[in-house]
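Peer 1: below: sequence and its predicted model.
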Amino acid sequence: MAKQNITVKIIGKPYPLAIDGEKEELYRLAEREINAYVTRIEQAHFKGFSKEDCLAMAAFQIAVAKLALAQSREVGDEEVKTLAALGGELESYLDALR
């Protein structure tokens with residue numbers, strides 16, 4: 001994969017990055033997303049906070065959302081394992097009836 005140099009701006013500060021060229025769109029979306037989070041926090045929840053405070057709260061909210069998603073996936077995995085075990089028991093029961 002070819003590396004590409006881009007600059008993202010987070011709360012107005014430029015950050016040069018070397019990324020895989022095919023991932024530029026992902027990085028641009030992330031840039032817009034984090035800046036939108038900061039703006040929403042700054043305007044709605046934490047008036048008077050510095051940009052850095054708002055960035056910290058945005059990072060916290062994103063981390064909470066990521067962990068919640070990971071936990072919901074774990075619950076889904078457990079349900080799949082339970083269903084697979086029940087399917088195995090059902091197969092054993094049906095085999096015994098044959």
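Peer 2: Looks like it came in fine. The shown structure was predicted, so the numbers you read here are calculated from the model rather than taken from an experiment.

Peer 1: show me where this structure has helices.
Peer 2: For the chain, the helices defined by DSSP state H occupy 24-40, 51-97.

Peer 1: out of the ones you listed, which comes closest to residue 1?
Peer 2: helix 24-40 (11.6 Å; C-beta to C-beta). C-beta: built from backbone N, CA, C; applies to glycine.

Peer 1: how many neighbouring residues does residue 38 have?
Peer 2: When neighbours are counted by other C-beta atoms under 10 Å, residue 38 registers 23.

Peer 1: likewise for residue 74?
Peer 2: For residue 74, the neighbour count with other C-beta under 10 Å is 10.

Peer 1: ditto for the one 4 residues further on
Peer 2: Residue 78 sits with 10 neighbouring residues when counted by other C-beta under 10 Å.

Peer 1: same deal with the one 3 residues further on?
Peer 2: Other residues near residue 81 come to 10 when the count uses other C-beta under 10 Å.

Peer 1: okay, the helices of the chain in JSON lines with mean pLDDT and distance to residue 6 next?
Peer 2: Formatted as JSON lines, the helices of the chain follow (pLDDT from 0 to 100; distance: least, C-beta to C-beta, whole Å):
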{"stretch": "helix 24-40", "mean pLDDT": "93", "distance to residue 6": "6"}
{"stretch": "helix 51-97", "mean pLDDT": "80", "distance to residue 6": "20"}
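
Peer 1: Throw those helices into CSV and include distance to residue 11, thanks.
Peer 2: Formatted as CSV, those follow (distance: least, C-beta to C-beta, whole Å):
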stretch, distance to residue 11
helix 24-40, 6
helix 51-97, 5
